[in-house]
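> give me coordinates for this.
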Amino acid sequence: MRLKHNKKRNTAFVYEALVRELTKAVIKKDNNKKKKVVAIIKEFYSNDTELFKELRVYKSLYETSLLKRDTAEKLIFEAKYEYNSLNKSRIYKEQSRLIKNINTVLSSGIYSNFVPNYKTLASIQSIFNNQNSIRDRVLLEEKLVEFLTLEREKEDFNVKDPVDNLIYRSFVKRFNEKYNTQLNENQKTLLTKYVTSFVDDGLELKVFLNEEIGSLKRKIAILMKHEIALENSSIKERMGLVLEKLESFRSRGIDDDLLSDVLRVQSLVSEMETNGN
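This next block holds a predicted model:
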């Protein structure tokens, strides 16, 4: 069974292709392109758009796994019901504007970006469009049930999207090469927040950074009262400088340099705690 897949009219595929374009821009440090892609995602996939509602229905299927068969079948039924309630005319108009915007601001090459779950997205589109024969619809839904009940390969770290893992690995590699150290759990959490911050104005990252900086300051304050610091004025002075640096973080914009500095302080505090014990 061969599917007729219109990539440009597959809201989920276009979204994933855009996110992958964003990844390439971030890795290449192409801030101009990054701003353009983020602007398009924010405009066409914001909460008040019909494309966002459609994407949410798609995601309920392609971001789910390890279900029992009867649960998977119920999920498909509910997703189809939800999809049928969407405003198809509005979806078409928003898609048309999105396609025009991509072609004008970026390029049609966006649609050639590799999307790992491409076939699943094509199957979901065909199920939702309901333009296939009864036989093909049944086969497609059976295939989707299998997808929803299978355990898919897990990543070594807690980043949901494969494209985010590309940025994650890139930053981890640069950090390890620069400081010759491995990341601890707090550092992994910080990186996870960072790589998922580009399309939500970094809200979660800002909240986490604020909490993490406060936590690091408290830890250093405790370490400064430790016997080693009290007996060695040089160590205590360095801790004081680290505290000053942490305080300066609050007034800085969030970028790669700030992230590297926070990661470095996290390593220093972890090392001091280990030596102190």
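> for stretch 60-80, measure first residue to last.
Its start and end residues considered, stretch 60-80 measures 11 Å (Cα to Cα, to the nearest Å).
> any idea where the helices of the stretch 51-200 of the chain begin and end?
69-84, 88-105, 118-129, 134-149, 162-179, 185-195 (DSSP state H, counting those that start in this stretch).
> now the angle from the first one to helix 134-149?
Here helix 69-84 points in a direction 120 degrees away from that of helix 134-149 (axes from the mean of the first three to the mean of the last three Cα atoms, to 10 degrees).
> flag every buried residue along helix 69-84.
72, 73, 75, 76, 79, 80, 83 (16 or more other Cβ atoms under 10 Å). For the C-beta atoms, the positions are set from N, CA and C on the backbone; glycine is no exception.
> show me how the record splits the protein into domains.
Listed by automatic domain parsing, the domain ranges of the chain are 7-149, 162-276.
> can you redo those domains as TSV with mean pLDDT?
Output for those, formatted as TSV (pLDDT from 0 to 100):
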stretch	mean pLDDT
domain 7-149	91
domain 162-276	75
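> picking up where we left off before, between the buried residues of helix 69-84, which is nearest residue 119?
residue 76 (16.4 Å; Cβ to Cβ).
> contacts only, for the closest one.
61, 127, 141, 144, 145, 148 (Cβ atoms under 8 Å, 6 or more residues apart in numbering).
> phi and psi next, for the residue of the chain positioned farthest from its centre.
The centre of the chain is farthest from one residue, residue 231, which by Cα atoms, centre = their mean lies 45.7 Å away. Per-residue torsions, residue 231: phi -90, psi -20 (degrees, to the nearest 10).
> rebuild the helices of the stretch 51-200 of the chain as CSV, extending it with distance to residue 262.
Below are the helices of the stretch 51-200 of the chain laid out as CSV (distance: least, Cβ to Cβ, whole Å):
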stretch, distance to residue 262
helix 69-84, 40
helix 88-105, 33
helix 118-129, 36
helix 134-149, 39
helix 162-179, 11
helix 185-195, 6
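> can you say which of the ones you listed is nearest to residue 247?
If we rank those by Cβ to Cβ, the stretch that ends up nearest is helix 185-195, at 18.0 Å.
> after that closest one, which helix or strand is next?
Sequence-wise, the next helix or strand downstream of helix 185-195 (DSSP states H and E) is helix 203-224.
> go through that next one and flag the buried ones.
Buried, per 16+ other Cβ under 10 Å, within helix 203-224: 205, 208, 209, 212, 213, 216, 217, 220, 223, 224.
> what's in contact with it?
186, 189-190, 193-194, 196-197, 229, 236, 239-240, 242-243, 246-247, 249-250, 254, 262, 265-266, 269, 272-273, 276.
> narrow the residues you listed to those that are buried.
186, 189-190, 193-194, 196-197, 229, 236, 239, 242-243, 246, 249, 262, 265-266, 269, 272.
> rewinding a little: mind checking which of the helices of the stretch 51-200 of the chain is nearest residue 34?
helix 162-179 (11.2 Å).
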